[in-house]
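Novice: What shape does this take:
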Amino acid sequence: MALVLPGRSSLVHSVSDVVHWSLSTVVFALTLPARLEALLVSVERLVARISQIAENADRVVVGAASVTVRAETLIEAVEQTSDIAQQLLELYEPIAVQLAPLAARFADDLSESEVTAAITLIDKLPELTERVTAVLPILATLDSVSPEVHELLGVVKDLKQAIVGVPGFHFFRKRGENRPG
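Specialist: Numbering: from 1, shown residues only. Model (predicted):
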């Protein structure tokens, strides 16, 4: 088979194109390691940045988990407090509704001097309690003393009548009335 060469100018042009293409390929091949190294540095920076973002994301996730645990604990405490408050409301609401008019009347009628007097009385309650406690045994015996006192009064009346009946007693009585002091 014979090689048929087209026109010379087209052959030169084709060879020139091949040489140009070959030179371009060689230049590209020579600059390829530098480009690949720059690309590798960019990729390493990108990987480092992605690693840093992943670490920050891990910290955020750990922090969020901690906040979630604390929030759950707080929610449980609030629920318990709410349950207790609800129980107290159920227990004391009827009493509060019943006492509200009386408390309003009490507040309307209470003066500052009465409040001061009540505070003073409360301050003296320990001493008052001691004294009343000391007197109570004596008061408990008064019911047994009462008949004896009545009997004693009867004896004194009889004695007075007997003395008034003594001759000359009237004279001594007047003399005692005339004496000073």
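
Novice: any idea how far residue 88 is from the spatially most central residue of the chain?
Specialist: The centroid of the chain falls nearest to residue 81 when counting by Cα atoms, centre = their mean (9.9 Å). Using Cβ to Cβ, to the nearest Å, residue 81 is found at 10 Å from residue 88. For glycine as for every other residue, the C-beta is placed from the backbone atoms N, C-alpha and C.

Novice: Could you do residue 31 as well?
Specialist: According to Cβ to Cβ, residue 31 stands 83 Å off from residue 88.

Novice: go on, residue 163?
Specialist: For residue 163, the distance to residue 88 equals 76 Å [Cβ to Cβ].

Novice: do residue 171 as well
Specialist: Using Cβ to Cβ, we find residue 171 at a distance of 85 Å from residue 88.

Novice: Residue 159 too?
Specialist: 71 Å.

Novice: circling back: give me the secondary structure label for the residue nearest to the centre of the chain.
Specialist: helix (DSSP: H, G, I helix; E, B strand; the rest coil).

Novice: Got the confidence number for it?
Specialist: Note on residue 81: pLDDT of 95.

Novice: Residue 173 too?
Specialist: 69.

Novice: again, but for residue 5
Specialist: For residue 5, the model assigns a pLDDT of 51.

Novice: Ok, residue 13 next?
Specialist: Confidence score, pLDDT, at residue 13: 69.

Novice: swap in residue 152?
Specialist: For residue 152, the predicted pLDDT is 81.

Novice: Roughly how far does it sit from residue 169?
Specialist: 22 Å.

Novice: Check residue 81 too.
Specialist: Taken as Cβ to Cβ, the span from residue 81 to residue 169 is 88 Å.

Novice: Over to residue 99?
Specialist: Look at residue 99 and residue 169: by Cβ to Cβ, they are 69 Å apart.

Novice: One more: residue 21?
Specialist: Noted for residue 21: a distance of 169 Å to residue 169, by Cβ to Cβ.

Novice: Next, report how far the helix or strand hosting residue 48 is displaced from the centre of its chain.
Specialist: Taking DSSP states H and E as the definition, residue 48 sits inside helix 8-109. Taking Cα atoms, centre = their mean, to the nearest Å, the mean C-alpha location of helix 8-109 is offset from the chain mean by 34 Å.

Novice: Which SSE is immediately downstream of it?
Specialist: For helix 8-109, the following helix or strand on the C-terminal side (DSSP H and E) is helix 112-164.

Novice: which strands and helices sit next to that next one?
Specialist: Contacting helix 112-164 under the criterion 3 or more Cβ pairs under 8 Å, 6 or more residues apart in numbering; DSSP states H and E is no other helix or strand.
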